[in-house]
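*Asks:* got a predicted structure plus its sequence, pasted below:
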Amino acid sequence: MSPALTVLKDVFGYHAFRGRQAEIIEHVAEGGDCLVLMPTGGGKSLCYQIPALLRQRAGHGVGIVVSPLIALMQDQVAALTEAGVRAAVLNSTLTGAEASAVERDLLAGRLEILYVAPERLMTPRFQDLLDRTRVGLFAIDEAHCVSQWGHDFRPEYIQLSVLHERFPQVPRIALTATADALTRQEIVERLALDDARVFLSSFDRPNIRYRIVEKDNARQQLLAFIKAEHMAADGTHDSGIVYCLSRRKVDETAEWLRGHGINALAYHAGMDAAVRQQRQARFRDEDGVVMVATIAFGMGIDKPDVRFVAHLDLPKSMEGYYQETGRAGRDGLPANAWMAYGLGDVVQQKRMIDESEADEAHKRVSSAKLDALLGLCETAGCRRVRILAYFGESSEPCGNCDTCLEPPATWDGTREAQMALSCVYRTAQASRVHFGATHLIDVLRGNATEKIRQWGHDKVSTFGIGADRSVAEWHAIFRQLIAHGLLVIDHGGHGALLLGESARAVLKGETSITLRRQVTKPGRATERGSRGARVDHAAQMDEGQLACWEALRRWRSATAKEHGVPAYVIFHDATLAELARSVPQTLEEMAEVPGIGAAKLERYGEEILEVLQRA
């Protein structure tokens, strides 16, 4: 057995590596630099934790992990400590005395892995500590934060190139779950990783089912989705995250869900820090909590059994969407990524880009990233193929997203596209100003509102020519025309629409346009869909196994409370389920259960045998 595989089994309790983990670990353990791109939940942490342990035990020194995520640092240090690893964290949550104790352990060589925030890393005090310490490796987690083109830019990350300058012999591993080609290039440049190997794993998360529905009372649609796919007969429901764009919408949605029997909490940056911390702890530690949040919540949440992530508003980019949805199903079991979106979302996001203080180059990149996400929303093909293509990966239709399970019908929308484009042109020609979709739809449907009469648009040639189509149908048409680039949203025009460069060819009949048609009303696919995303370990157990399962969960809950850590830090559900099914009689048999390493076997083995015997 290789040294890396020995550590994997003895420390973490697993018997085989996944994907390219073994190759990455060997490269870094031998002193090589690398950039690792691996999806959330794909096992990135082991790619630096195991080399850090191997190099520390070979005398090279401590592994320094740079992370901007306080919650993730705390969770990982707790999990490593439970597994018998000498790990610690240095960040703003520590008191002066606690930080001093960690620094003493660092200087004395008592630590194997130290997590540190980038702000702390760059202080003269910490740089001095590093000069007096043997360092085995640097791991730079969430490396996309270094990129100004990324979705989560952190200015302090730019300074991390100093690690290569001051410690040229120490290997560096940079890791991220979401980075397109432009972001990857900037990571390499800013971190001076020009000679590093790049390990590009598949971005695929086959356990996640992607579903995007047209908005039609989004909260009701969300509730129907949760009840259909994530609620048991007794009213208990899975843990999940619901993302909203504004703080007000977060508060209102959480209150509305609570009024309909969902155990929902609100979370956003406008709340008191203590309240945010308490709610994050509840979500982390309790079962069946739905967190309604802005994107201020989620980074660094290592909760493995989040069964769904829902979006009530359109994210800003494909990277943002993929990272947020990646917080579901980190345990590898089935999970859902659900989103409701409409034309208003597109207008709102375009307006946010236009009104931002960014320069024109950033605005162009942001618009292109948003356009890629619109393409995902409007595709008639496989969602997963579209997502993976964005990250440079080719794939076949997955058979597990909404468009694969219920392929939408497509239709020749050239005539309707010409009507809409002509209406944009005629109304602007008549008034010398441009108008938004709501007004244009009123013109097309012949709705002589006061505003239409005021502008004289009841006299234009396109007035009433689209009366045979509903408001909802026209909204879908306009949305797809924007996604196709035939219409663009005016800079600072409050959602006003202008003709895109490719509109002329459609208007002249030189190009035809195929549009997608919903084959069901929003929500119907949810009600009919497979309930495969609800994971019920107990449903597959007989009476004896169920008694063991429940006894083990009670024991885990009490143990986690005693240790002050989340229950999943003690053992994941999958490990408890396997214990309940196999009912090991000896410590040797228990050691074969995935997720039970040597330290946990020694610490908890006898207790677990007693729990199983009593059950």
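*Replies:* Done, it's in. Numbering: from 1, shown residues only.
*Asks:* all strands for the stretch 501-615 of the chain, in order.
*Replies:* Along the stretch 501-615 of the chain, counting by DSSP state E, counting those that start in this stretch, strands occupy 514-517.
*Asks:* my bad, should have said the stretch 201-350 of the chain
*Replies:* For the stretch 201-350 of the chain, the strands defined by DSSP E, counting those that start in this stretch occupy 208-214, 239-243, 264-267, 290-293, 306-311, 335-341.
*Asks:* next, format these as CSV and append distance to residue 584 and mean pLDDT.
*Replies:* Bear in mind the C-beta positions are built from the backbone N, C-alpha and C, glycine included. Below are the strands of the stretch 201-350 of the chain laid out as CSV (distance: least, C-beta to C-beta, whole Å; pLDDT from 0 to 100):
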stretch, distance to residue 584, mean pLDDT
strand 208-214, 32, 94
strand 239-243, 28, 96
strand 264-267, 38, 95
strand 290-293, 35, 95
strand 306-311, 28, 96
strand 335-341, 29, 96
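*Asks:* could I get the ones you listed as CSV with distance to residue 53 and mean neighbour count?
*Replies:* Formatted as CSV, the strands of the stretch 201-350 of the chain follow (distance: least, C-beta to C-beta, whole Å; neighbours: other C-beta atoms under 10 Å):
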stretch, distance to residue 53, mean neighbour count
strand 208-214, 30, 24
strand 239-243, 31, 25
strand 264-267, 34, 23
strand 290-293, 33, 27
strand 306-311, 28, 26
strand 335-341, 30, 26
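*Asks:* distance to residue 382 for these - can I get that in CSV?
*Replies:* Listed next are those as CSV, based on distance: least, C-beta to C-beta, whole Å:
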stretch, distance to residue 382
strand 208-214, 9
strand 239-243, 23
strand 264-267, 32
strand 290-293, 28
strand 306-311, 19
strand 335-341, 14
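*Asks:* so which of those gets nearest residue 457?
*Replies:* In terms of C-beta to C-beta, the element of the strands of the stretch 201-350 of the chain nearest to residue 457 is strand 208-214, at 26.7 Å.
*Asks:* send me that closest one as PDB with only the CA atoms.
*Replies:* Coordinates of each C-alpha in strand 208-214 appear next as PDB, following Å, rounded to 0.1, in the frame of the first residue of the first chain:
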ATOM      1  CA  ILE A 208     -27.300  16.800  -8.900                       C
ATOM      2  CA  ARG A 209     -30.500  17.200 -11.000                       C
ATOM      3  CA  TYR A 210     -30.800  20.600 -12.700                       C
ATOM      4  CA  ARG A 211     -34.200  22.100 -13.200                       C
ATOM      5  CA  ILE A 212     -35.200  25.600 -14.300                       C
ATOM      6  CA  VAL A 213     -38.800  26.700 -14.500                       C
ATOM      7  CA  GLU A 214     -40.500  29.900 -15.800                       C
END
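*Asks:* sheet partners, orientation included, of it?
*Replies:* Counting by DSSP bridges, the strands paired with strand 208-214 are strand 335-341 (parallel).
*Asks:* residues in contact with the strand it pairs with?
*Replies:* 207-216, 218, 221-222, 225, 229-230, 306-314, 321, 325, 328-329, 377, 522, 526, 533 (C-beta atoms under 8 Å, 6 or more residues apart in numbering).
*Asks:* and residue 385, that one's in a helix?
*Replies:* Yes - assessed with DSSP: H, G, I helix; E, B strand; the rest coil, residue 385 lies in a helix.
*Asks:* what is the burial count for it?
*Replies:* Neighbour count for residue 385, taken as other C-beta atoms under 10 Å: 20.
*Asks:* and what of residue 203?
*Replies:* For residue 203, the neighbour count with other C-beta under 10 Å is 23.
*Asks:* measure it to residue 394 for me?
*Replies:* As judged by C-beta to C-beta, to the nearest Å, residue 203 and residue 394 stand 11 Å apart.
*Asks:* now do the shared contacts for the two.
*Replies:* What both residue 203 and residue 394 touch, as defined by C-beta under 8 Å, 6+ apart, is the set residue 388.
*Asks:* got the domain ranges for this protein?
*Replies:* 3-200, 208-401, 410-516, 543-614 (the TED database).
*Asks:* low pLDDT regions in the stretch 451-600 of the chain?
*Replies:* 491-494, 518-534 (pLDDT under 70).
*Asks:* helices of that one, start to end?
*Replies:* Counting by DSSP state H, counting those that start in this stretch, the stretch 451-600 of the chain has helices at residues 471-483, 503-507, 524-528, 543-563, 567-570, 573-582, 587-590, 598-614.
*Asks:* and these: which comes nearest residue 403?
*Replies:* Taking the helices of the stretch 451-600 of the chain one by one with C-beta to C-beta, helix 524-528 is closest: 9.9 Å.
*Asks:* and residue 179, what does it touch?
*Replies:* Contacts of residue 179 by C-beta under 8 Å, 6+ apart are 37, 143, 144, 147, 150, 187, 319, 391.
*Asks:* I'd assumed it was in a helix, is it?
*Replies:* No - assessed with three-state DSSP, residue 179 is coil; it does not lie in a helix.
*Asks:* what's the pLDDT at it?
*Replies:* Looking at residue 179, its pLDDT reads 77.
*Asks:* please renumber so the chain begins at 221
*Replies:* Fine by me, first position is 221 from now on; the one you just mentioned is residue 399.
*Asks:* where's it relative to residue 576, distance?
*Replies:* Taken as C-beta to C-beta, the span from residue 399 to residue 576 is 21 Å.
*Asks:* equivalent analysis for residue 834, please.
*Replies:* 61 Å.
*Asks:* where along the stretch 221-370 of the chain do the helices fall?
*Replies:* According to DSSP H, counting those that start in this stretch, the helices that the stretch 221-370 of the chain contains are 223-227, 241-249, 264-277, 290-302, 316-327, 338-341, 344-351.
*Asks:* distance from the chain centre to the third one, please.
*Replies:* What it means is helix 264-277. When distances are taken as C-alpha atoms, centre = their mean, to the nearest Å, helix 264-277 is centred 24 Å away from the chain's centroid.
*Asks:* quick one, it and helix 241-249 angle?
*Replies:* Going by axes from the mean of the first three to the mean of the last three C-alpha atoms, to 10 degrees, helix 264-277 is angled at 40 degrees with respect to helix 241-249.
*Asks:* helix 264-277 packs against which elements?
*Replies:* helix 223-227, helix 241-249, strand 282-286, strand 333-336, strand 355-360, strand 392-396 (3 or more C-beta pairs under 8 Å, 6 or more residues apart in numbering; DSSP states H and E).
*Asks:* quick one: average pLDDT of stretch 323-342?
*Replies:* Mean predicted lDDT for stretch 323-342 stands at 93.
*Asks:* tell me how far the ends of it are from each other?
*Replies:* Criterion C-alpha to C-alpha, to the nearest Å; first-to-last residue distance in stretch 323-342 is 15 Å.
*Asks:* from residue 542, how far out is the closest residue to residue 305 other than its chain neighbours?
*Replies:* What sits nearest to residue 305 in space, not counting adjacent residues and going by C-beta to C-beta, 6 or more residues apart in numbering, is residue 332, at 5.5 Å. Distance, residue 332 to residue 542, by C-beta to C-beta: 32 Å.
*Asks:* between these two, which one's more packed in?
*Replies:* Comparing residue 332 with residue 542 by other C-beta under 10 Å, the one with more neighbours is residue 542, at 26 against 21.
*Asks:* what sits against that one?
*Replies:* Neighbours of residue 542 in contact, by C-beta under 8 Å, 6+ apart: 259, 397, 398, 423, 607, 611.
*Asks:* and the residues you listed, which two are the farthest apart?
*Replies:* 397 and 607 (12.6 Å).
*Asks:* quick one, which of these two is more surrounded?
*Replies:* residue 607 (27 against 23).
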